[in-house]
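1. only geometry, no sequence info:
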């Protein structure tokens, strides 16, 4: 493992005593300005046929920031970005940070009711949206705080209250004093997926974002000139904090994919000389399934991060054979931890493939029982995570804060353990553990076994309610182009698992598992497919 940067204890958010990196940028804008000054001509973004240098990106940021100020925007106001993956998402996020506005990235997959709720709950004053999302934008009368709406692109039908995005940028005021953000100021609000109740806005601060950026730079060995691929949504923590911002930190290039398609990814990865990716395991598997995979020159690909699900052994072995120079690193975190809390060190995928790695140098992870008491090493309990990357709380949500945070630690809801060496294992979501007649079954163990079947591309397991046993094991499988049947799957599992863990019901899906934009399987959606 690399030697970590110098650390020290600091007090933040009033009462949190946390370990921090001593040498760090004081804000996102300060970090970006330093990179622009150091590498103005380097390519920052590749978006379709646009190649945007750091100097050109900075000019975009300045013009958009000036336009927002001209519209009366002030520090602390919220600006919602209902945008897909594009260069404007990046420039607007940086422009907001430059003038102290709080960005609110939103998924273009959201429907009107959720968009309306988030805009109202956050008190958003400016909304910038893809033209394709115009039909899902609520009228300003339904969002009292909303003053301005801008549409990027040409909508199929006009929006009476929206202006074209091109009307926003304006010449910067050369006499404008730069805004100096405090470390604990909120940089952006990332709303959780809201599997129970309404979504909650995690307050990502400059402090938490900068520490996550430095975590990625150190743990993955990112360096100047690296080429990162944005193949997951920019609007969620993985795309934003794990890919875009670390690439900016090291003066690297982010290649923007508007939508992930395995063949398109491979073509662009070869053409742009990819060096860094972070995707869910299914994406790597889909790349391997391309019949021409071995004909692509991917020799520059150095780091392949993954998260959101375990990497099947077959995928690990296939990647190692095809790309021996590629380092696979598991990354575990959440929106509330501003992405990473643990990372699997380079070269440890074979020996520790059943873990999510070691806690990052500034991360403090403890495993507790139902009473909040720390359990011995190797014992299963709930993971609680502390550190400077943990958000101070949810936006205007005291109930969510009371349930989700304890003395600066975030209650992950994940069941896991930590071994004597410090490696962390994540076994299941606390609410997803299956209880079959008193036998506790961790769905991840069954999912790993299913994923090892050569015909299975993706697998997920839930507990199916049962009046006698409480729950029975139910599996959902996507076979891609593979062929098998339920009996063969059960036989495969029976040879590797205790009999009570073998799925009793198997559902074959016609496409990939439902996932949120962070890549995590939405088991609530799978439960809807299960008859009561």
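-> Thanks, I have the structure now. Small disclaimer: the values here were computed from a predicted structure and weren't measured.
2. chain center to stretch 395-415: distance?
-> Mean C-alpha position of stretch 395-415 versus that of the full chain (CA atoms, centre = their mean, to the nearest Å) differs by 19 Å.
3. so which bits of it are buried?
-> Neighbour-count burial for stretch 395-415 flags 395, 397, 400-401, 404-405, 408-412, 414-415 (criterion: 16 or more other CB atoms under 10 Å). Glycine gets a C-beta too; all of them are placed from N, C-alpha and C.
4. just give me the neighbour total for residue 85.
-> 22 (other CB atoms under 10 Å).
5. what do you get for the one 5 residues further on?
-> For residue 90, the tally of surrounding residues (other CB under 10 Å) stands at 28.
6. against residue 235, how distant is it?
-> 11 Å (CB to CB, to the nearest Å).
7. again with residue 48
-> Distance from residue 48 to residue 235, by CB to CB: 18 Å.
8. tell me which of those two has more neighbours.
-> In this view residue 48 and residue 235 are compared by other CB under 10 Å, and residue 235 has more residues nearby, 25 against 10.
9. quick one, what contacts that one?
-> 81, 83, 89, 105, 106, 107, 108, 517 (CB atoms under 8 Å, 6 or more residues apart in numbering).
10. can we see that at 10 Å?
-> Neighbouring residues of residue 235 by CB atoms under 10 Å, 6 or more residues apart in numbering: 81-85, 89, 93, 103-110, 190-191, 517.
11. just the ones of the residues you listed in helices?
-> Under the assignment DSSP state H, these contribute 89, 93 to helices.
12. any quick ChimeraX command for the buried ones out of the contacts of residue 235?
-> A single ChimeraX command selects the buried members of the contacts of residue 235 (16+ other CB under 10 Å):
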select :81,82,83,84,85,89,93,103,104,105,106,107,108,110,190,191,517
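13. re earlier: hey, what's in contact with both of residue 90 and residue 235?
-> In contact with both residue 90 and residue 235: 81, 83, using CB under 10 Å, 6+ apart.
14. what stretches of the protein score poorly on pLDDT?
-> 1, 193-197, 517-519, 530-532 (pLDDT under 70).
15. pick out the residue closest to the middle of it.
-> The centroid of the chain falls nearest to residue 238 when counting by CA atoms, centre = their mean (2.4 Å).
16. how far away is that one from residue 502?
-> 33 Å.
17. so what's residue 297 closest to, chain neighbours aside?
-> residue 270 (5.2 Å; CB to CB, 6 or more residues apart in numbering).
18. for the host helix or strand of the one you found, packing partners?
-> Under the criterion of DSSP states H and E, residue 270 resides in helix 262-272. On a contact count with 3 or more CB pairs under 10 Å, 6 or more residues apart in numbering; DSSP states H and E, helix 262-272 meets strand 43-47, strand 227-230, strand 253-256, strand 276-279, helix 281-289.
19. do that again at 8 Å, thanks
-> Using 3 or more CB pairs under 8 Å, 6 or more residues apart in numbering; DSSP states H and E, the elements in contact with helix 262-272 are strand 227-230, strand 253-256, helix 281-289.
20. out of the ones you listed, nearest to residue 461?
-> helix 281-289 (15.3 Å; CB to CB).
21. residue 484 versus the closest residue to residue 327 other than its chain neighbours, what's the distance?
-> Leaving aside its sequence neighbours, residue 327 sits nearest to residue 346 (CB to CB, 6+ apart; 4.8 Å). Residue 346 sits 35 Å away from residue 484, going by CB to CB.
22. now swap in residue 96 and tell me
-> 50 Å.
23. between these two, which one's more packed in?
-> residue 96 (29 against 17).
24. now do the contacts for that one.
-> 65, 68, 79, 102, 103, 188.
25. would you map the strands across the stretch 301-450 of the chain?
-> Ranges of strands in the stretch 301-450 of the chain, per DSSP state E, counting those that start in this stretch, are 303-306, 327-334, 339-343, 358-359, 364-368, 381-386, 405-406, 409-418, 424-429, 434-436, 439-441.
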